[in-house]
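Novice: Dropping a prediction and its sequence here:
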Amino acid sequence: MSRQVVTRFAPSPTGMLHIGGVRTALFCWLYARRHGGRFILRIEDTDLSRSTDDNIRIIEEGMAWCGLDWDEGPVVGDPGAWKGPHGPYRQMQRMDLYRAKIQELLDRGLAYRCRCSKEVLEARRKAVEAAGKVFQYNRGMDAGKGCADAHHNASLPCAIRFRMPTAGDIVVDDLIKGETRFPAESLDDWIIARTGEAPGEIGVPTYNFCVVVDDTHMEVTHVIRGDDHLNNTPKQIPLFRALGYELPAFAHVPMILGKDGAKLSKRHGATSITEYQAMGLLPSAVRLALARLSWTPKIAGRAVETAEEEILTDEQMIQLFDLGDCQKSAARFDMDKLEWMNQKLIQRASWEELEPHLRPFMPVAWVGRSDDFKRRAIQATQKGKSLVEMAEALRFAFERPAAFNEKAAEKFLTPAVKPALAEVRGLADYTHAGLEAGFNAILAKHGLKTKDLAQALRVALCGKPVSPGIFDTLMLVGRDEVAARLEPWL
RNA sequence: GGGGCUAUCGUCUAGGGGUCAGGACACCGCCCUUUCACGGCGGUAACACGGGUUCAAAUCCCGUUAGCCCUACCA
């Protein structure tokens, strides 16, 4: 009987929530949902100098916008609150647990105090490297001297190091990368707690220590994280054992790179999830695009084949998700594909689904319009690549053109169409069928082609020769306003 | 320097001994068309390099190169 699957996303609040993090979170979320398990959000704020409450808020809001709901973790907007049985979910609020565990290791001789200063360490490192050797703390290099037997000496503030195995391989069995071996002699006695304030005090524990304690106490069964942590795993495994903890399963997901193959950074344009929101992307499109980086869904054992199959719903992703179908190598982020997916998702959504997402991009007057108006407006522009594009395409329905495209005006607003234009003011039946009938009658009477009148109307009504279908355009402007906008051209 | 991970069209990838190396995005062309789009059809384009193993290698092995990660009292 296997335990319920539990995954966690554990960001450190030292900056924006960027898409690499979102992707990792997405994999954790998909895996938990796929297996009917729980998904935890845990804030790793032990880097006091860089962590801020503001960044925590940004993470929570970003996750929420992305639809990555967590079953356990902080409560948005309330630093003191959390949901779930293993809280708190901010590491700085879990110090008592960590200190107790460190004391236990100290008592059992599995960790020891070290009072070497950063300067001393640096000097030793230089000396050892100058001799062409590899510097490792207390790996035979100065065993029996200095700090190795200073663990009885609590008269000075000390950092605390974990005693690592000195021989053999540490093997990491990874669900994505496979089995990897790390020679024990390549690792050293790493610091599990920083130097305390006072002699004998245990300082703030470090990342690699807290993760092990938290993942165990929060009953995490699958540690899914970025593959920059693969190298940390052989440090953590001996600690799991020292603490008598059961090992979780590990899955290290490949990084996301910029378009040029370099690590994602500001110069690649948008990297924070907030920017994607502002670009008019649907959260579902972001989820899909991010999920499809390094993951190829297999339908009945076969990779997705057609464009149609590429556009997966959340339900399909959840049902299909499998760490075994993940790529081992890093992937470059492709904005073109994201936009394509966004467009496809916009196209297949109902207008009711789209409306809440479109609303923030629309003028205030939008909210007051009727459902019927909203439906027509959305359906008329539902081919757009983004919500921003849709909103832009609908501007004419809310404001008169600020300027007119001169070339287009000259080309289409000819003396020949003006009589027809004048008659358009008389059209009374503003339904699609009604407009079409009236429009065609005017065309026939004046011997014009559809294009002649349609383009002339677009320029007069919208200021430019581009707009939704001409009947939709008329309906969205509305009868009275059509007459008003036409007047100056007659 | 040491340790680790990775390598198929421009990009995301399928394929894991015998394939015309398949698909998607992007790009190009044609068609459709009341504009812009959408849509339809078609096209260009890849196994990093060098050695093995084998009748046969993109696929297995070794090496090289390149990129990335760890090597912090960051996470």
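Specialist: Received the coordinates, thanks.
Novice: Where does pLDDT dip in chain A?
Specialist: A:1-2, A:138-154 (pLDDT under 70).
Novice: Based on its surroundings, how many neighbours for A:V5?
Specialist: Neighbour count of A:V5, defined by other CB atoms under 10 Å: 18. Where C-beta positions appear, they are placed from N, C-alpha and C, glycine not excepted.
Novice: Would you mark the buried spots in stretch A:207-223?
Specialist: A:207-216, A:218-223 (16 or more other CB atoms under 10 Å).
Novice: Tell me which of those fall in strands.
Specialist: Among the buried residues of stretch A:207-223, DSSP state E puts A:222-223 in strands.
Novice: Return the closest of the buried residues of stretch A:207-223 with respect to A:F240.
Specialist: A:V212 (5.7 Å; CB to CB).
Novice: Output the set of residues of the stretch 51-200 of chain A in proximity to RNA strand B.
Specialist: For the stretch 51-200 of chain A, the residues in contact with RNA strand B (CB under 7 Å from any atom of the strand) are A:114-118, A:121, A:125, A:132, A:134-136, A:159, A:177-178, A:180-183, A:186, A:188, A:190-191, A:194-195.
Novice: Buried among those? Make that a PyMOL selection.
Specialist: Here is the PyMOL selection string for the buried members of those, based on 16+ other CB under 10 Å:
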select buried, chain A and resi 114+115+116+135+136+159+177+180+182+188+190+191+194+195
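Novice: Not counting sequence-adjacent ones, nearest residue to A:S329?
Specialist: The shortest distance from A:S329 to any non-neighbouring residue, by CB to CB, 6 or more residues apart in numbering, is to A:P254 (5.7 Å).
Novice: scratch that, A:F9
Specialist: A:A25 (3.9 Å).
Novice: Run a quick neighbour tally on the one you found.
Specialist: For A:A25, using other CB under 10 Å, the count is 28.
Novice: which SSE is it in?
Specialist: Using DSSP states H and E, the element containing A:A25 is helix A:19-34.
Novice: can you check A:R161 too?
Specialist: Once you assign secondary structure using DSSP H and E, A:R161 falls within strand A:159-162.
Novice: now A:F373
Specialist: Counting by DSSP H and E, A:F373 is part of helix A:371-380.
Novice: Can you list the buried residues in that helix?
Specialist: For helix A:371-380, by 16+ other CB under 10 Å, it's A:374-378, A:380.
Novice: Over to stretch A:194-202?
Specialist: For stretch A:194-202, the neighbour count (16+ other CB under 10 Å) marks A:194-196, A:202 as buried.
Novice: How about stretch A:331-345?
Specialist: Neighbour-count burial for stretch A:331-345 [16+ other CB under 10 Å]: A:331, A:333, A:338-345.
Novice: Let's see which of these end up in helices.
Specialist: A:338-345 (DSSP state H).
Novice: need those residues in JSON lines with distance to RNA strand B, can you?
Specialist: Below are these laid out as JSON lines (distance: CB to the nearest atom of the strand, whole Å):
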{"residue": "A:L338", "distance to RNA strand B": "8"}
{"residue": "A:E339", "distance to RNA strand B": "7"}
{"residue": "A:W340", "distance to RNA strand B": "4"}
{"residue": "A:M341", "distance to RNA strand B": "8"}
{"residue": "A:N342", "distance to RNA strand B": "10"}
{"residue": "A:Q343", "distance to RNA strand B": "7"}
{"residue": "A:K344", "distance to RNA strand B": "7"}
{"residue": "A:L345", "distance to RNA strand B": "11"}
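Novice: ok, those residues vs A:V424, which is closest?
Specialist: Using CB to CB, those come closest to A:V424 at A:Q343, 32.2 Å.
Novice: Leaving out sequence neighbours, find the closest residue to A:R23.
Specialist: A:L290 (4.4 Å).
Novice: Run through the residues that contact the one you found.
Specialist: Residues near A:L290 by CB atoms under 8 Å, 6 or more residues apart in numbering: A:19, A:22-23, A:26, A:256.
Novice: what do you get for A:P79?
Specialist: A:53, A:56, A:90.
Novice: Pull up the gap between it and A:I43, please.
Specialist: 10 Å (CB to CB, to the nearest Å).
Novice: overlap in contacts of those two?
Specialist: Shared contacts of A:P79 and A:I43 (CB under 8 Å, 6+ apart): A:56, A:90.
Novice: need the contacts of A:L290 in JSON lines with neighbour count and distance to A:E308, can you?
Specialist: Output for the contacts of A:L290, formatted as JSON lines (neighbours: other CB atoms under 10 Å; distance: CB to CB, whole Å):
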{"residue": "A:I19", "neighbour count": "25", "distance to A:E308": "25"}
{"residue": "A:V22", "neighbour count": "26", "distance to A:E308": "26"}
{"residue": "A:R23", "neighbour count": "25", "distance to A:E308": "24"}
{"residue": "A:L26", "neighbour count": "27", "distance to A:E308": "22"}
{"residue": "A:I256", "neighbour count": "23", "distance to A:E308": "25"}
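Novice: List just the nearest of the residues you listed to RNA strand B.
Specialist: Proximity of the contacts of A:L290 to RNA strand B was ranked by CB to the nearest atom of the strand; the top entry is A:I256 with 9.0 Å.
Novice: Show me what the closest one is bridged to.
Specialist: In this entry, A:I256 is beta-bridged to A:A331, by DSSP bridges.
Novice: Among the buried residues of stretch A:194-202, which lie within helices?
Specialist: Using DSSP H, none of those sit in helices.
Novice: one step back: tell me the one of the buried residues of stretch A:207-223 nearest A:R485?
Specialist: A:H222 (60.5 Å).
Novice: OK, contacts around the closest one?
Specialist: Per CB under 8 Å, 6+ apart, neighbours of A:H222: A:5-7, A:28, A:31, A:175, A:248-251.
Novice: returning to that earlier point: check which element follows the strand holding A:R161 along the chain.
Specialist: strand A:169-174.
Novice: Give the other helices and strands that that next one contacts.
Specialist: If you count contacts as 3 or more CB pairs under 8 Å, 6 or more residues apart in numbering; DSSP states H and E, strand A:169-174 packs onto strand A:178-183, helix A:233-242, strand A:249-253.
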